[in-house]
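[1] Fold the following and give me the result.
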Amino acid sequence: MKNLLLAAITTAAIALSGCSSDDVKCSDKGICPQDTVPTAAYDNVCQATLGSTCGKQWQAVLNCVKANEKCDSSGNMDLAATESVCSTQLYNFTTCCAANPTAAGCPSTAGH
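    Now for the predicted structure:
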């Protein structure tokens, strides 16, 4: 489950935005200096995840990460700090994936 949480938050990290819209978009870039623009492949997977059974939970992860992104000294997102703040949203997403392991965006190894 820990690996799934880290994968989810790492993926969410590249989907952040400094804009003021309510929901983060899959193509948005994070606020840390080393954040990169999401790839087309990521955007496709992210969009599929948002449209899946666990899409509501994934959107909550993206929104939480956007609202709480902290940068480390090297200009990357501080994964541990963000995971701590967004633990409820990550738990909800991973719980949904464990119950729906074939849902788009959910690793087939949820819970392993």
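
[2] Residue 97 versus residue 83, what's the distance?
    Separation of residue 83 from residue 97 (CB to CB, to the nearest Å) stands at 16 Å. No exception for glycine: its C-beta is placed from N, CA and C like everyone else's.

[3] These two: who's more crowded?
    Applying other CB atoms under 10 Å to residue 83 and residue 97 shows that residue 97 carries more neighbours, namely 27 against 19.

[4] Where does the more buried one sit: helix, strand or coil?
    The three-state label given to residue 97 by DSSP: H, G, I helix; E, B strand; the rest coil is helix.

[5] nearest residue to it other than its sequence neighbours?
    residue 106 (3.5 Å; CB to CB, 6 or more residues apart in numbering).

[6] what number of residues lie near that neighbour?
    With other CB under 10 Å as criterion, residue 106 counts 24.

[7] Identify the residues contacting it.
    Residues in contact with residue 106, defined by CB atoms under 8 Å, 6 or more residues apart in numbering, are 49, 52, 54, 96, 97, 100.
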